[in-house]
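1. need coordinates for the below:
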Amino acid sequence: IKNVKDFPKRFREKIVGLLPEEMNIPIEMAVDLIDDENYWKRCSLHKYKNCQVVEHGSSWKQLFCEKYLKEVLEDFDPSVTDIEELIKLLDSVRVKIRSLSLTQLPSHMDLAIIFNHLNLSSLSITYDMRNVGMNYERSLFGMKMADCSSLSRCLTSLDSLTYLNLSRNLLDDEKLRMIVSGLAENTSITHLDVSHNKIADRGVRALARL
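-> Reported below is the predicted structural model:
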């Protein structure tokens with residue numbers, strides 16, 4: 001037997017109920033083998049605070065996967081973790097990921113890595129940096145031109161993303177115009193948030209032409 005679903009129904013809930021909520025098996029294996037919502041609810045409530053399941057398709061499995069991936073991406077360090085390991089994780093959870101809300105992305109990875117392996121409908125991303133303390137550097141914050149270029153290239157081919165939030169990213173006119181060049185070829189996005197940035201007249205005019 002390779003899958004919990006292969007067990008007779010009368011044994012299924014009992015077997016999954018015996019599994020600890022600490023998620024002591026690889027998430028790639030758990031996502032593939034376990035669909036029981038009660039199990040994913042136990043794991044979610046054990047690991048995360050403020051679990052609003054309605055914000056994750058009313059699915060506890062989706063909630064756990066989206067919060068888990070959020071943590072991985074926000075803490076990803078290519079000097080510590082091989083990018084192929086990240087791609088393996090993205091591929092294993094992609095069926096349960098619809099929305100991502102990232103409050104930091106210190107790796108400044110090519111966003112194609114995310115978009116090529118997920119089918120997102122919603123993305124909120126802020127290039128912030130938590131817990132910097134005395135190591136504060138202004139350069140650690142905000143989107144760089146390379147980030148904007150990466151996003152712009154992705155936007156030209158995305159057809160599932162409908163919500164994009166880029167607020168609080170220190171976007172100026174030049175960076176916004178780079179992003180707009182990709183948005184001009186995108187037909188799926190219906191909601192765009194670029195509030196709390198450094199956008200002036202040239203950036204506003206670029207947005208108005210969309």
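2. list the contacts for the spatially closest residue to Arg130 that is not a sequence neighbour?
-> Nearest non-adjacent residue to Arg130, counting by C-beta to C-beta, 6 or more residues apart in numbering: Gln104, 5.8 Å away. Bear in mind the C-beta positions are built from the backbone N, C-alpha and C, glycine included. Applying C-beta atoms under 8 Å, 6 or more residues apart in numbering to Gln104 gives the contacts 74, 126-130.
3. again with Leu192
-> 164-166, 183.
4. quick one on the thing from earlier: for the residue nearest to Arg130, name its beta-bridge partners.
-> For Gln104, the beta-bridge partners are Asp128 (DSSP bridges).
5. pLDDT score assigned to it?
-> In this model, Gln104 is scored at 96, pLDDT.
6. in the protein, what helix or strand scores lowest on average pLDDT?
-> Of all the helices and strands that make up the chain, helix 9-17 has the lowest average by mean pLDDT, DSSP states H and E, namely a mean of 74.
7. buried ones in that one?
-> 12, 16 (16 or more other C-beta atoms under 10 Å).
8. which parts of this structure are strands?
-> Ranges of strands within the chain are 99-104, 122-128, 163-165, 191-193, based on DSSP state E.
9. nearest to Ala146, of the contacts of Leu192?
-> Leu166 (15.0 Å; C-beta to C-beta).
10. mind listing what the closest one touches?
-> Contact partners of Leu166, counting by C-beta under 8 Å, 6+ apart, are 125-126, 143, 179, 192-194, 197.
11. what residues does the longest helix along the chain touch?
-> The helix that spans the most residues within the chain, counting by DSSP state H, is helix 60-75. Contacts with helix 60-75, where a contact means C-beta under 8 Å, 6+ apart, come from 27, 31, 35, 37-38, 40-41, 43-44, 47-48, 51-53, 55-56, 86, 89-90, 93, 96-106, 114.
12. any idea how far the residue lying closest to Phe115 once chain neighbours are set aside lies from Glu22?
-> Of all residues not flanking Phe115 in the chain, Cys154 sits nearest, at 4.7 Å (C-beta to C-beta, 6+ apart). Per C-beta to C-beta, to the nearest Å, Cys154 is found 36 Å from Glu22.
13. between those two, who's got more neighbours?
-> Cys154 (20 against 10; other C-beta atoms under 10 Å).
14. gap between the more buried one and Ser160?
-> Look at Cys154 and Ser160: by C-beta to C-beta, they are 12 Å apart.
15. the most centrally placed residue in the chain and Glu22, how far apart?
-> The structure's the chain has its C-alpha centroid closest to Leu100; by C-alpha atoms, centre = their mean the separation is 3.1 Å. With distances taken as C-beta to C-beta, Leu100 is found 24 Å from Glu22.
16. just to revisit the earlier point, just the closest of the contacts of Gln104 to Asp173, please.
-> For the contacts of Gln104, the nearest to Asp173 is Tyr127 (17.5 Å; C-beta to C-beta).
17. what's the spacing between that closest one and Arg153?
-> 17 Å.
18. what of Thr190?
-> 21 Å.
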